[in-house]
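J.: okay, sequence plus prediction incoming.
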Amino acid sequence: DIQLTQSPSSLSASVGDRVTITCRASQRINNYLNWYQQKPGKAPKPLIFSASNLQSGVPSRFSGSASGTDFTLTISSLQPEDSATYFCQQTFSNPLWTFGPGTKVEIK
Amino acid sequence: EVQLVESGGGLVQPGGSLRLSCAVSGFVVSSDYMTWVRQAPGKGLECVSMIYSGGSTFFADSVKGRFTISKYNSENTLYLQMDSLRAEDTAVYYCARIKHNAFDVWGQGTMVIVSS
């Protein structure tokens, strides 16, 4: 099974900061990596698919990149509404796709 | 507008059964891959079942043999039949559509509590 790890598990940053979250896969997944944002009591919201493609309607301050088995979600300028937990998901190994454990982002 | 609305959650005793529904609007359930994802209180996300447009079904090991996924095209609804429920099945259950190898539309979730 493919395992995903995320770092950090939580972070606190100020409005306007550049924030980076990393997701590492236990084996090569050929950019089959998605990112979701989840706020308390709400369903996850898709942000990025296939490592670097922004879902429709997602602000351009969110971006994704990949390097081998390491994937990065970047928020270029953190906004108050970005306070949430962020999950990565691999869709390389069919049929059931797994999620990372999540990174909680808080605003200072 | 594309929308998914889950229902059917509730409190059930261990060993009991529940059927979750996911009413689909804005697209035809028969034409897309669909999935059920659960989230135990304070925990992460787990994809428990998936159904392809052709009808092939898949289940996580944790629910295999106890859960059944189906879709009724005439009702444009996705279902999750959950039998032999256990305390560890307690979670919010979400249905979602699969597009571009991602879960692009999610329902609001329905809570299942398994407890005596």
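T.: Happy to help now that I have it.

J.: how about the residues of chain B that lie near chain A?
T.: Residues of chain B lying close to chain A (C-beta under 8 Å from any C-beta of the partner chain) are B:44-50, B:56, B:58-60, B:94, B:100-104, B:106-109. All C-beta atoms are positioned from the backbone trio N, CA, C, and that covers glycine.

J.: list only those of those residues flagged as buried.
T.: For the residues of chain B next to chain A, a burial check counting by 16 or more other C-beta atoms under 10 Å in any protein chain shown picks out B:44-50, B:58-60, B:94, B:101-104, B:106-107, B:109.

J.: so residue B:18 bridges to which residues?
T.: Under DSSP bridges, the beta-bridge partners of residue B:18 are residue B:82.

J.: I misspoke; the intended subject was residue B:46.
T.: Beta-bridge partners for residue B:46, by DSSP bridges, are residue B:38.

J.: do the same with residue A:74
T.: With DSSP bridges as the rule, residue A:74 is bridged to residue A:20, residue A:63.

J.: quick one: it from chain B, how far?
T.: Distance of residue A:74 to chain B, computed by C-beta to the nearest C-beta, to the nearest Å: 18 Å.

J.: and for chain A, the residue most distant from the center?
T.: residue A:95 (20.8 Å; C-alpha atoms, centre = their mean).

J.: surely that residue meets residue B:48?
T.: No - using C-beta atoms under 8 Å, residue A:95 is not in contact with residue B:48; the gap is 11.8 Å.

J.: report the beta-bridge partners for the residue nearest the centre of chain A.
T.: The residue lying closest to the centre of chain A (C-alpha atoms, centre = their mean) is residue A:35, at 3.8 Å. Under DSSP bridges, the beta-bridge partners of residue A:35 are residue A:48, residue A:88.

J.: give me the pLDDT for the closest residue in space to residue B:72 that isn't next to it in sequence.
T.: Nearest non-adjacent residue to residue B:72, counting by C-beta to C-beta, 6 or more residues apart in numbering or on different chains: residue B:79, 7.1 Å away. Note for residue B:79: predicted pLDDT of 98.
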